[in-house]
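Participant: Need coordinates for the below:
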Amino acid sequence: MFPRFSRRKFLAGSSGLAVMSLVPVSVEALFEPMYPPTDLSFFEKPISAGPAAIRFGYAAISWGDNDRQAIEEISAVGFRGIQLLSNGLREFGGKPGALRELLHLHDLSFIALSSEGVGIEPGLRAEQIARCTSHAKFVRDCGGLYLQIIDKRPEGRSVGAADYRQLGSLLTEIGKRSADMGVTLGYHHHVGSIGEHPDEIDRVLDASDPRYVKLVLDVAHYFQGGGDPAKVIERHHDRLLYVHIKDVERKTPASADADPFEFVELGRGRVNLPAVFEALQKTGFRGWAVVELDNGSRGPHSPKESAILNKKYIEEKLGYGK
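Facilitator: Alright, predicted model coming up:
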């Protein structure tokens with residue numbers, strides 16, 4: 001209940017306020033300031049970027065469908081983050097808490113989930129948005145950071161301006177819905193995708209909203225597509241979400257019915273990895289570098305053996321993590 005005031009008390013209070021309004025301004029000096037004095041010149045100085053801070057994770061793709069083995073061995077080798085494929089949803093899709101607990105047990109951050117590829121064919125948009133949104137929800141529920149999206153290049157025809165606009169619109173819509181869940185969307189260019197070559201990647205980025213669509217730079221795919229990974233880091237550092245660190249080599253002899261290249265352990269291929277990390281340092285990149293070996297289960301080494309070799313290269317040749 002509100003207190004009652006008589007007319008006499010109200011007028012007395014009002015007259016008191018009137019008197020106070022007549023007090024000279026100089027009297028204000030008698031009172032303590034509400035806040036301490038602040039040097040406002042600090043607000044006129046631009047905030048300089050902090051030094052680069054790179055953390056290393058590893059992609060579970062080398063282990064195929066065996067996510068549990070991937071989690072155990074990636075942790076044992078000494079990496080502190082992991083990227084999982086969407087096939088992991090078959091085991092953990094209905095129980096994200098179990099995956100969160102398993103990753104915590106092995107001291108691994110859930111960096112990203114590789115969602116399935118999206119296409120721009122008519123009639124697929126609604127289903128693809130719904131599917132990717134469910135993947136973003138899974139990432140959120142597991143305590144993960146990012147959702148990675150790749151795309152499929154249309155078959156039997158060239159790519160035109162309308163295709164870039166359509167893909168950009170699709171990625172932006174998925175990115176908005178992911179952002180609502182606290183999960184950032186990263187576009188992963190790929191050999192055989194609309195964003196295969198450097199100029200094509202630029203057009204995909206231009207067609208999508210930078211607030212909702214970031215770049216997952218794969219240095220080997222970018223190199224194979226005809227680009228210089230170090231230069232693109234400097235050009236698109238403001239869109240860079242995280243980086244796939246991998247190496248690629250020509251097949252000998254090249255096969256006419258297969259890709260003329262193969263992914264190999266770090267330092268065995270043609271990617272200038274020291275230049276990549278120089279660019280990351282120069283631009284002040286602060287985030288995850290995910291080592292990835294797509295064909296790790298088919299190479300001469302087991303996935304764990306390749307992970308050990310890759311970590312050795314990072315420590316001895318790049319000078320990180322010693």
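Participant: now the stretch 51-200 of the chain, which segments are flagged as low pLDDT?
Facilitator: Under the criterion pLDDT under 70, no range of the stretch 51-200 of the chain is flagged.
Participant: try it again with 80
Facilitator: For the stretch 51-200 of the chain, applying pLDDT under 80 flags the ranges 88, 93.
Participant: Can you tell me the element C132 falls in?
Facilitator: Assigned by DSSP states H and E, C132 belongs to helix 125-141.
Participant: ok, the closest residue to R268 other than its chain neighbours to E173 distance?
Facilitator: By the measure of C-beta to C-beta, 6 or more residues apart in numbering, the closest residue to R268 outside its immediate chain neighbours is D247, 5.9 Å from it. Heads up, the C-betas are built off the backbone N, CA and C, glycines and all. Counting by C-beta to C-beta, to the nearest Å, the separation of D247 from E173 is 34 Å.
Participant: These two: which has the busier surroundings?
Facilitator: With neighbours defined as other C-beta atoms under 10 Å, D247 and E173 compare such that D247 has more, 24 against 20.
Participant: need the contact list for the more buried one.
Facilitator: A220, F263, V264, E265, L266, G267, R268, G269, R270, V271, L273 (C-beta atoms under 8 Å, 6 or more residues apart in numbering).
Participant: Can you check my assumption that Q148 lies in a helix?
Facilitator: No: under DSSP: H, G, I helix; E, B strand; the rest coil, Q148 falls outside any helix and is assigned strand.
Participant: Touching, it and V216? I think so.
Facilitator: Yes: counting by C-beta atoms under 8 Å, Q148 touches V216, with 5.5 Å between them.
Participant: So what's the residue count around K95?
Facilitator: 12.
Participant: hmm, back to that, show me the common contact partners of Q148 and V216, please.
Facilitator: Counting by C-beta under 8 Å, 6+ apart, the shared contacts of Q148 and V216 are A112, G186, H188.
Participant: Show me those residues that map onto strands.
Facilitator: Judged by DSSP state E, strands contain the following of the shared contacts of Q148 and V216: A112, G186, H188.
Participant: Just put those residues in JSON lines and tack on neighbour count.
Facilitator: Below are these laid out as JSON lines (neighbours: other C-beta atoms under 10 Å):
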{"residue": "A112", "neighbour count": "29"}
{"residue": "G186", "neighbour count": "24"}
{"residue": "H188", "neighbour count": "22"}
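Participant: Show me which of those residues is closest to A289.
Facilitator: A112 (12.2 Å; C-beta to C-beta).
Participant: Double-check that closest one against C142; I have them as touching.
Facilitator: No: checked against C-beta under 8 Å, the pair A112 and C142 is beyond contact range at 11.0 Å.
Participant: In which helix or strand does D202 reside?
Facilitator: helix 198-207.
Participant: Which elements pack onto the helix or strand that that helix is followed by?
Facilitator: Next helix or strand after helix 198-207 toward the C-terminus (DSSP H and E): strand 213-218. Helices and strands touching strand 213-218, by 3 or more C-beta pairs under 8 Å, 6 or more residues apart in numbering; DSSP states H and E, are helix 161-180, strand 184-188, helix 198-207, helix 229-235, strand 240-245.
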